[in-house]
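Peer 1: Here you go, sequence then predicted model.
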Amino acid sequence: MSFLHIVSSSIFQKFSLKSLPPAGALRSFKKTGFWMLPPILLSGAILFDGSYREGAIAWAGESSLPGESFLQKSDIPVLTIDQAVWEALQKNPSLAKDQARIEREKTLSIQAGELPDPKLVLGEQYFPISFNMGQSLLAMTTVGLRQSFSPMGKRDLLQKSFLRKESASRWNLEERKLRLVRDVRLNWLDLYRNTRTELLLRSIGLLWQEAFDAALTRYRQGTGSESDLLLAQFQKDNLKDKEEVLEIQREESLHHLMRLMHRSQPFRISDEEPKCPLPLPESLMLSQINLHPALKSSAEENTAQALRVQAAKKDKIPAFSVEGDYSYFMGPSLITSTPNLFSVVLTMNLPLRPGERQDQKVREEEANLESFEAQRDELRQKLAQEIRDDEAGYRHLSHRALFFDHRLLPEAHRNTEAALNDYSTGTVHMGRVLESMKKVEDIELQALDIRVEKIKEMANLDYLKGRLQGGSREN
């Protein structure tokens, strides 16, 4: 006996003759064949008291909730958003890279302020030239030191330039921290939205269960249709598919967040809604925009480049080196030899063609300075525009959040409750109930999106404020 024969026998043996499906349905089965068997089996299960919810739900696609999901596992640690930010600031390798760059700039500034190493000069001179030069009375040995000097003031300018670049790197590190905090918050909010959406759909599934129960009650009373019952069951199963898609999105958000935190072990987020510092007024943020670490870093880069322009102009001044030599005649014997000569040599380079050499170097550095200044102006305009856009978005989303919480959500839930009551009394049809419940689902998801986007705007504005929460910054 096949599986279908066993299922059909086990179901139909529980019903009396009055509870059997209409004869037309059985005749239709004989005409249409095997494909009509599942609807007949399902309709037979509906007529049996209580068997549909316990048996047919699982048979129709396992739409019941799982016993324990990732969101409910107790062995996975729970983190708050502040803990995630702290862990990212401690472990992110990009910060270590910027810190190493600061150390590099520091060493370069020390090197730039020092004179080059002196050179030891050793020489042997013979006059006149002969094959026994070592025995000549005119053989002279020279020992000296040579020190090179850059044009006056150039070394000091280069040292100040590297110190400015070190300061720019420090401000760049602060901006990197701010950006990392913002990115962690934004990714945390994406994970929070996926998690809350998944939980929200599960709670909405209870509403679909109420609609299914109402349809089942009316069907048993003979006042409802089988199509209403099947439609309610379809909505429940469709909700299960949405949960599966959300689970994939949640895992992707979790893995992205783990990468930012440089963390290898998974975790669960806390149930509390993430919070970000309240944004400052737009006018105040615009007046303090030059204090943002990104602009402070750019300003230091500009100053460093301006110093390099001045250093390039110093090349028009001749560089020189000084050499002091101590010489003596060897003679036929080292014991009898006596020193009798001391000399000083001054060597200078001559910038004979400055238009083709030094002036071109100056123009190159000036072009770099203009590029840095243009980048700074562009960055300032970009930050100012982001402040205006994000502040306007924050105000707009705040108004929408209040409207949804105080108007649309209560109205949608009251509408669904009224539709369920009216359907129970036969006043409205199932389509009206499902429409109202779909409205609840849409409004709940929109309200969640609005809350998340509002907090995202707060996170962006906190980055644009340019100050780490609990940190310090120069004024």
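Peer 2: Happy to help now that I have it.

Peer 1: Low-confidence ranges, the stretch 101-250 of the chain, go.
Peer 2: Scanning the stretch 101-250 of the chain with the threshold set as pLDDT under 70 gives 126-139.

Peer 1: So which residues of it form helices?
Peer 2: Per DSSP state H, counting those that start in this stretch, the stretch 101-250 of the chain carries helices over the ranges 154-221, 226-261.

Peer 1: After the last one, which helix or strand is next?
Peer 2: Beyond helix 226-261 in the direction of the C-terminus, DSSP states H and E gives the next helix or strand as strand 268-269.

Peer 1: which helices and strands does that next one pack with?
Peer 2: strand 78-79, helix 154-221 (3 or more Cβ pairs under 8 Å, 6 or more residues apart in numbering; DSSP states H and E). No exception for glycine: its C-beta is placed from N, CA and C like everyone else's.

Peer 1: Which one of these lies nearest to Glu378?
Peer 2: Closest to Glu378 of the helices and strands packed on strand 268-269 is helix 154-221 (Cβ to Cβ; 15.6 Å).

Peer 1: list the helices and strands that closest one packs on?
Peer 2: Applying 3+ Cβ pairs under 8 Å, 6+ apart, one finds that helix 154-221 contacts helix 37-47, helix 81-91, helix 93-112, helix 226-261, strand 268-269, helix 293-313, helix 409-424, helix 430-465.

Peer 1: Show me which residues of the fourth one are buried.
Peer 2: Across helix 226-261, burial judged by 16 or more other Cβ atoms under 10 Å covers 226, 228-233, 235-236, 239-240, 242-243, 246-247, 249-250, 253-254, 257-258, 260-261.

Peer 1: can you redo the helices and strands packed on helix 154-221 as CSV with distance to Arg376?
Peer 2: Output for these, formatted as CSV (distance: least, Cβ to Cβ, whole Å):
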stretch, distance to Arg376
helix 37-47, 70
helix 81-91, 27
helix 93-112, 19
helix 226-261, 28
strand 268-269, 38
helix 293-313, 4
helix 409-424, 47
helix 430-465, 16
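
Peer 1: Those: which one's closest to Gly393?
Peer 2: helix 430-465 (4.9 Å).

Peer 1: Among the helices and strands packed on strand 268-269, show me which one is buried the most.
Peer 2: Highest mean neighbour count among the helices and strands packed on strand 268-269 (mean count of other Cβ atoms under 10 Å): helix 154-221, with a mean of 20.

Peer 1: Direction-wise, compare it with helix 430-465 and give the angle.
Peer 2: Interaxial angle, helix 154-221 versus helix 430-465 (axes from the mean of the first three to the mean of the last three Cα atoms, to 10 degrees): 170 degrees.

Peer 1: Pull the distance from helix 154-221 to the chain's centre.
Peer 2: 8 Å (Cα atoms, centre = their mean, to the nearest Å).

Peer 1: Taking helix 93-112 as reference, get the angle to it.
Peer 2: Going by the same axes, to 10 degrees, helix 154-221 makes 170 degrees with helix 93-112.
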